Structure formats: C-alpha cells, structure tokens
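Trainee: This is the structure alone, sequence omitted:
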DNA sequence: CGTCAATTGAGACACAGTCTCGACAAGCGG
DNA sequence: CCGCTTGTCGAGACTGTGTCTCAATTGACG
C-alpha cells in the first residue's frame, strides 16, 4: 500500500523479503515453511506444520521448522501464544503495531485486536504496585462469529 | 464463598481445609506439597517443587506433585501462568476475585493486581470483533521494587 | 564459477507432563 | 478401636515438544 516497509500484509513475497532483509538466507526450506504458514488459518502449532509438511511430502526437518518459527517470531510476523490448556501455538500477525490476539476456542481461528488503551491501563496497574513494566501479554479466548451460529445444537 | 472464614489468607490450615472441603482426602503427600508451596515466594514451576521436595528428603512422586498442582489450580489457590520464554509456572493466588499477576522478570516474585477495569474493556474488544468472550489471560512482566534498586549496577 | 559461512535434515537428547498399576492408607461406619 | 472401601500414592514407562550436534549442502556474493 503505502511505503513498502509499512505494509505488513502477508504475501509470500513480503515475508520472504522481510526474512532476507533481516540477514537470513532464503532457502527452499524457508520458502516452504512460509508457504505452510500462509496457508494456515488461525492458530497453529509446530505439530500442525510438521503434519502439513509431511502431507505435502516436503522434506523439512522438525528442527528447521522450530528454527523458522523462532525467526518469524523475532521478526514479528507471528506471535507465540498460549492456549488455555497450556499448549503453545502461533498466530500470524497482520500488523506490526502493538496488538493482541483473539482466539476462537472452538475452531482456533484468530483475529488481531487493537490494544484499545489496555497498554496504558496496564502500565498504571504495574506502577501502582511499584513495578516497572517490561512486557505484557493479553490473550482473549472466545467463540468466533461463525462458530456461534453453529454451536447452538452442541 | 460462604462463610467469612473463607478468608483467602494462605495458612496451611485454610488451604488444607479447602482441599478437604472440595472432597479430596488429606494425605501426607498433600500436606507436604501445600507446605512446599507456602514456603515458595513468587512464581515457581513443577521442577522447583520437585527439587524442594528432594532437598527436604520428602518422598513425593513427581506425578503426585503434578496432580496436586492441578487440584490447587482448580480450587483457585494457585494459577498457572506462562513466562515470556514459554515456560510454565504457578503463582499463589491470594484472593478468589478475578485478578491478574505481575511477575518480576528478575526474581520471579509475583504480586496480584486488581483487574482494574480490564475485564470490561476486554469484553468490549471481543464484542467489536463479533466474538463472545469466554476467558482472558493477562500477564504482566516487569521489575519489582526491590530488584529495581539492586539493578542499578548490573 | 568458486568460496565460505549459514543452513540444512537426521537423529540423539532433555525435559515436562501423563498414565498405569499394585500397594497403601484416609475416612467412615460399625 | 477395627475393618472396609476406595481415593491416593510412588515408581517408572511413556508421549510429545522443543533443543542440540554434526556432517553434508547450498545460498549469496564476488
């Protein structure tokens, strides 16, 4: 859209460029993993990707997937979240601004939500306890619009 | 919940009573684990407890510790949180009301903080995305007052 | 095209957490 | 106080996630 780097929209090209800009080589494995992630909808975990890769008969080691997940998390292209049951998963981040994730507990689909003033509130909360806030994590879990309709009979 | 002595302060007796009230037997292992947790200050994880138990030469199986952690989490006496690095840990909860935890990234000590209006904000955020919120998790990480003083020379 | 370091896949490894199972003991009724 | 019942126990096998090592490969750049 605007300036090239402000646009975080997730096309294979943009992501690949970001990886390359960050000083990483573009390899077959990395391209493949980016593809895998782009075709995922919602929260996924490492085993989802590993299964996807196997299904497509891609030869990608488990370790490579974990490594790539780290790289992308560092670049802010994905974020690691923790499901209510304690398992870890990842979600794609669409924008680079500070935001949070809303994950459907039924279908795992996720939406980004604006911080909406939480950040300030949270800093104030920490301050009143005498802490200097470094980092906060907010994760929302609920039922997404499309699962709401479907779950009446459940 | 019911009587005033359902006071949240964590004495061994109160906790033990809560466990018993919930229909669980009071065993040596459970008493020992409650003790271990009460002498912990701040966030701890299962391996901390296992190490503590070994140090005190208590004979408590790993599985028992995990089981007890689950029980206490169900009772709301402790809460499971996720550290920024992805590891899991637990913190004691002082009150039963909805609250969040503020964990010191340096010493792991933790404080409970009031929700302070976050809950409403969060429901609104979810609503505007069309989700019905079920659950949210907010974790704050920062430097606690006593570590702030000490970290000047670090 | 050649060099060289980054990256790879495979598999060993570390570790958290779960499960199973026979032994044991808490709590209760007698 | 004494047995019974059944929840709970500890040990260790097991599972699954994530990390590490290492020799072989390959991307990027000249």
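Mentor: Received, thanks. Note that the structure is a prediction, hence the values are computed from the model and not measured.

Trainee: Dihedrals phi and psi, the residue nearest to the spatial centre of chain A?
Mentor: The residue lying closest to the centre of chain A (CA atoms, centre = their mean) is residue A:91, at 2.3 Å. Main-chain torsions, residue A:91, degrees, to the nearest 10: phi -130, psi 150.

Trainee: Against residue B:24, how distant is it?
Mentor: Taking CB to CB, to the nearest Å as the measure, residue A:91 falls 37 Å from residue B:24. Yep, even glycine has a C-beta here, placed from its N, CA and C like the rest.

Trainee: same deal with residue A:37?
Mentor: Applying CB to CB, the value for residue A:37 to residue B:24 is 44 Å.

Trainee: And for residue A:134?
Mentor: With CB to CB as the criterion, residue A:134 and residue B:24 are 38 Å apart.

Trainee: Give me every residue in chain A lying close to chain B.
Mentor: Neighbours of chain B within chain A, by CB under 8 Å from any CB of the partner chain: A:80, A:82, A:84, A:86, A:88, A:100, A:102, A:104-105, A:111, A:113-114, A:116-118, A:121-122, A:124-126, A:128-145, A:148.

Trainee: Near DNA strand D, which residues of chain A are found?
Mentor: Counting by CB under 7 Å from any atom of the strand, the residues of chain A close to DNA strand D are A:20, A:25-28, A:45-47, A:62-63, A:66, A:70, A:88.

Trainee: if you count what's nearby, which of residue A:37 and residue B:24 comes out ahead?
Mentor: Each of residue A:37 and residue B:24 has its neighbours counted (other CB atoms under 10 Å in any protein chain shown); residue A:37 has more, 23 against 15.

Trainee: mind listing which of the residues of chain A next to DNA strand D are in helices?
Mentor: A:20, A:28, A:46, A:47, A:62, A:63, A:66, A:70 (DSSP state H).

Trainee: how far away is the second one from DNA strand C?
Mentor: Taken as CB to the nearest atom of the strand, to the nearest Å, the spacing of residue A:28 relative to DNA strand C amounts to 7 Å.

Trainee: Share the number of residues neighbouring that residue, please.
Mentor: For residue A:28, the neighbour count with other CB under 10 Å is 10.

Trainee: returning to what we had before: how about the ones in helices among the residues of chain A next to DNA strand D in JSON lines, adding pLDDT?
Mentor: Output for these, formatted as JSON lines (pLDDT from 0 to 100):
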{"residue": "A:20", "pLDDT": "97"}
{"residue": "A:28", "pLDDT": "97"}
{"residue": "A:46", "pLDDT": "96"}
{"residue": "A:47", "pLDDT": "96"}
{"residue": "A:62", "pLDDT": "97"}
{"residue": "A:63", "pLDDT": "98"}
{"residue": "A:66", "pLDDT": "97"}
{"residue": "A:70", "pLDDT": "96"}
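
Trainee: Out of the residues you listed, flag the one nearest to DNA strand C.
Mentor: Set against DNA strand C, the nearest of these by CB to the nearest atom of the strand is residue A:63 (3.9 Å).

Trainee: Residue A:88 against residue A:73, yeah?
Mentor: No. Counting by CB atoms under 8 Å, residue A:88 does not reach residue A:73; the two are 10.9 Å apart.

Trainee: Now list whatever residues contact both of the two.
Mentor: Residues touching both residue A:88 and residue A:73 (CB atoms under 8 Å, 6 or more residues apart in numbering or on different chains) are residue A:80.

Trainee: that's a helix at residue A:146, yeah?
Mentor: Yes. Counting by DSSP: H, G, I helix; E, B strand; the rest coil, residue A:146 falls inside a helix.

Trainee: And it, how far from residue B:13?
Mentor: As for residue A:146, its distance to residue B:13 is 50 Å (criterion: CB to CB).

Trainee: who has more neighbours, these two?
Mentor: Between residue A:146 and residue B:13, counted using other CB under 10 Å, the more crowded position is residue A:146 (13 against 10).

Trainee: Many thanks, I have nothing further to ask.
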